[in-house]
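J.: what would the 3D arrangement of this be:
(chains A and B)
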Amino acid sequence: MSALLEIEDLRVTFRTRYGEVTALDSVSLQVNAGETLGIVGESGCGKSITALSVMGLIPSPPGKIAGGSIRLNGEELIGVSPARMRALRGSDVAMIFQEPMTSLNPVFTVGDQIAEAIMLHQKVSPDQAFRDAVALLDRVGIPSPDRRARDYPHQLSGGMRQRVMIAMAVSCRPKVLIADEPTTALDVTVQAQIFDLLNEIQRDFGAAIMLITHDMGAISEMADRVAVMYAGRVIETATADDVLDLPQHPYARGLIDCIPTLGRADHALKEIPGVVPPLHLLGKGCAFADRCAYKFDRCDAEKPLLTDHGRHPVACHGAEEGRI
Amino acid sequence: MSEPTSSEYVAESPAREAWRMYRRNLPAVAGAVILLAIVAATLYGSFFYAGDPFDIVWAPHEMPGVEPGFPLGTDYLGRDILAGLLTGGAPTLTVGLAAAAITMVIGVALGALAGYYGGWVDTLLMRVTEFFQVLPALLFAMVLVTLFSPSIWTIAAAIGVVSWPQTARLTRAEFLKIKELEYVTAARAIGARNKRIIWKVILPNAAAPLIVSATLTIGVAILFEAGLSFLGLGDPNQMSWGLMIGANREYILDAWWPVTFPGLAIFLTVFAVSLIGDGLNDAFNPKLRER
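T.: Below is the predicted model:
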């Protein structure tokens, strides 16, 4: 069975002053209809670039899709005409951005902005589009939507704005919804509400969700399957329960150890030493080797590939040889 | 003023809201009143105060307030100054508006394209802009006016052609800043095309400085027109404030009034336009609204 969204061997490069760096390297992901795929990793590991690649929004230049394929419903998106890509954006794939404060246009009312999104893809009158926008605001749980539709973004709270973004993203019933850290800028209580809303939306619309986050808590709440990314590669992928319970890659373990647990004062939070190496300094070995407690000779010599060593696919020599 | 609670919240169109904000701004309202008075006087003044401003009607250099028939006195040829002021305003204001319109159209279009697309489009357009910018504006305008026969339209075109680079640079800078913002990416992510992003997403957000710039341009264009007329390059068959000052400048030590009144008229007009510009800036900027 072919997945709704299939990314295969995607390679994205950026031209920088250090020369050409590879921001994404042989990334393969799949999302099925009605499923939520979580993509986790630190800042700079390629999560957002993956999302922007699917949307066809890699800033180019300096960015470039150097290889691989992205198929949406069987249709190849790489190399598709700009007009076709525009038609797909918003209607088939939509995106929710990280910062609800800055991703709404400040000079138009939120109702008008949602109506615009509707009119870009559907032949409806402006009045009808505005009524649809009000209905969508109601659907995403905004009280007195007919009044709020006439508000400007700055008159709404952060949580309300993120609801507006969600309303706009689902306005044309996209098949794939990409949520790029949708709750990072919000309070914890509001986060939970937004996750509930995304789950409801998914049930109603049957959309596949690609949830990008650095928060393992969000993964445990939302995701069916998880892909852990590091330095532009997918290093571990499995069902959410598998990754949370039996992480294999030392980096994935590190991420899980970073989740605070309530009521355990003795349990000091672990951190992963070091930072993601700059992409232009990646050697031929494992990108995580310098931060890894289990590092051995092979890690510096050879790049581990994503392979299944019994449990689920992981890219780690240590896991392959049973050292971890 | 307290913020309306949701129960008493009444939807208000943006234009109405801008007007409400504008009304609260006393200097801006004063500017609008002054400008309206000037426009009304130049449009309808000749109905109540007849007379050809070029006619020699009285002795030269009559003091203001001496002869009831000529409340603002007469100039060096004995022409009525009030008649000159009332008929000389229309061409001045027309040139100011038309020149500002030309400036905005050229400047915003080129600046928007350069800022949005970047790359070679930006390089090409900015070199062209710099070419126009390094030419001394007044001299260039003089050349253009002398090449074509002076009329208010050629003067407006000449002023527009020399003053757009500033607007283009301002527009480009705004576009460079705004195109990186997340809501532009968000607009692209819902499938908006470049044309729509330029005109309907970025331009409205750049409107506040551009509106202020446009109103200031009206003021500058009026001054420019006055300067050209003062130098004798205006339309000689068309009475204008600049022409009045230019014609009477040699006698300024003998008679102050033939140059002072048109000078005051120009000053008041430019001042009123600037006040309106500031008021519009505040009214159209939603971030300042709840202040």
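J.: three-state assignment of B:Trp164?
T.: helix (DSSP: H, G, I helix; E, B strand; the rest coil).
J.: so who does it touch?
T.: By Cβ atoms under 8 Å, 6 or more residues apart in numbering or on different chains, the contact list for B:Trp164 reads B:102-103, B:106-107, B:110, B:132. Every residue, glycine included, has its C-beta placed from N, CA and C.
J.: show me which of these are buried.
T.: Buried residues within the contacts of B:Trp164, counting neighbours by 16 or more other Cβ atoms under 10 Å in any protein chain shown: B:102-103, B:106-107, B:110, B:132.
J.: and A:Asp196, which helix or strand is it part of?
T.: A:Asp196 belongs to helix A:188-205 when assigned by DSSP states H and E.
J.: other SSEs contacting that helix?
T.: Using 3 or more Cβ pairs under 8 Å, 6 or more residues apart in numbering or on different chains; DSSP states H and E as the contact criterion, the elements in contact with helix A:188-205 are helix A:158-169, strand A:176-180, strand A:208-213, helix A:216-222.
J.: now the angle from the second one to strand A:208-213?
T.: Orientation check (axes from the mean of the first three to the mean of the last three Cα atoms, to 10 degrees): strand A:176-180 against strand A:208-213 gives 10 degrees.
J.: before we move on, the earlier item: from the contacts of B:Trp164, which has minimum pLDDT?
T.: The lowest pLDDT within the contacts of B:Trp164 belongs to B:Phe132, which sits at 90.
J.: hmm, B:Pro165 and it touching each other?
T.: Yes: using Cβ atoms under 8 Å, B:Phe132 makes contact with B:Pro165 at a distance of 4.8 Å.
J.: about what we covered before: of the helices and strands packed on helix A:188-205, which is nearest A:Ile194?
T.: Nearest to A:Ile194, of all the helices and strands packed on helix A:188-205, is helix A:158-169, at 5.6 Å by Cβ to Cβ.
J.: how about that closest one against chain B, any contact?
T.: Yes: using Cβ under 8 Å from any Cβ of the partner chain, we find that helix A:158-169 touches chain B at A:165, A:168-169.
J.: got the residues of the stretch 151-300 of chain A near chain B?
T.: Residues of the stretch 151-300 of chain A found near chain B (Cβ under 8 Å from any Cβ) are A:152, A:154-155, A:165, A:168-169, A:171.
J.: who in the stretch 1-150 of chain A is up against chain B?
T.: Going by Cβ under 8 Å from any Cβ, the residues of the stretch 1-150 of chain A near chain B are A:55, A:57, A:86-91, A:94-95, A:97-99, A:102-109, A:116-117, A:120-121, A:143-144, A:147, A:150.
J.: of the residues you listed, which belong to helices?
T.: Judged by DSSP state H, the residues of the stretch 1-150 of chain A next to chain B include A:55, A:86-88, A:116-117, A:120-121, A:147 as members of helices.
J.: from those, which is closest to A:Ile194?
T.: Using Cβ to Cβ, those come closest to A:Ile194 at A:Ala117, 19.0 Å.
J.: check contacts around that closest one.
T.: A:90, A:168, A:171-172, B:190-191.
J.: quick revisit: restricted to helices, list the contacts of B:Trp164.
T.: Using DSSP H, the contacts of B:Trp164 in helices are B:102-103, B:106-107, B:110, B:132.
J.: skipping adjacent residues, who's closest to residue 162 in space?
T.: In the absence of a named chain, chain A is used. Closest residue to A:Gln162 apart from its sequence neighbours, by Cβ to Cβ, 6 or more residues apart in numbering or on different chains: A:Pro100 at 4.0 Å.
J.: you answered for a different chain; I wanted chain B.
T.: Nearest residue to B:Val162, sequence neighbours excluded (Cβ to Cβ, 6+ apart): B:Ala137, at 4.4 Å.
J.: what's the burial count for B:Arg16?
T.: B:Arg16 sits with 10 neighbouring residues when counted by other Cβ atoms under 10 Å in any protein chain shown.
J.: got the contact list for it?
T.: Counting by Cβ under 8 Å, 6+ apart, B:Arg16 makes contact with nothing.
J.: and the gap between it and A:Gly38?
T.: Counting by Cβ to Cβ, to the nearest Å, the separation of B:Arg16 from A:Gly38 is 46 Å.
J.: and what of A:Gly285?
T.: 27 Å.
J.: same check, this time on B:Gly219
T.: B:Gly219 is 58 Å from A:Gly38, by Cβ to Cβ.
J.: show me what contacts the residue nearest to the spatial centre of chain B?
T.: Closest residue to the average C-alpha location of chain B: B:Ile218 at 0.9 Å, with Cα atoms, centre = their mean. Counting by Cβ under 8 Å, 6+ apart, B:Ile218 touches B:96-97, B:99-100, B:270, B:273.
J.: who wins for most neighbours among these?
T.: B:Ala99 (29 neighbours).
J.: which SS class is that one?
T.: helix.
J.: also A:Ile65?
T.: What three-state DSSP gives for A:Ile65 is strand.
J.: what pLDDT does whatever residue of the stretch 201-324 of chain A ends up closest to chain B get?
T.: The nearest approach of the stretch 201-324 of chain A to chain B comes at A:Met210, 13.2 Å away (Cβ to the nearest Cβ). We note a pLDDT of 91 for A:Met210 in this prediction.
J.: hang on, isn't it packed against A:Asn32?
T.: No: counting by Cβ under 8 Å, A:Met210 does not reach A:Asn32; the two are 11.3 Å apart.
J.: and the one residue sitting closest to the centre of chain A, what are its bridge partners?
T.: In chain A, the residue lying closest to the centroid (Cα atoms, centre = their mean) is A:Ile212, at 2.5 Å. As for beta bridges, A:Ile212 partners with A:Ile39, A:Asp180 under DSSP bridges.
J.: hmm, back to that, the residue nearest to A:Gln162 - how many residues pack around it?
T.: Using other Cβ under 10 Å, A:Pro100 has 27 neighbouring residues.
J.: could you point out which element follows the helix or strand hosting B:Lys195?
T.: Per DSSP H and E, B:Lys195 falls inside helix B:194-196. Using DSSP H and E, the helix or strand that directly follows helix B:194-196 along the chain is helix B:203-230.
J.: buried set for that following helix?
T.: B:203-208, B:210-230.
J.: buried stuff in stretch A:43-50?
T.: Judged by neighbour count (16+ other Cβ under 10 Å), stretch A:43-50 contains these buried residues: A:44-50.
J.: show me what the helix or strand where B:Leu35 lies is in contact with.
T.: Assigned by DSSP H and E, B:Leu35 belongs to helix B:26-48. Helix B:26-48 is contacted from outside by B:22-23, B:83, B:85-90, B:93, B:265, B:268-269, B:271-276, B:278-280, B:282-283, using Cβ under 8 Å, 6+ apart.
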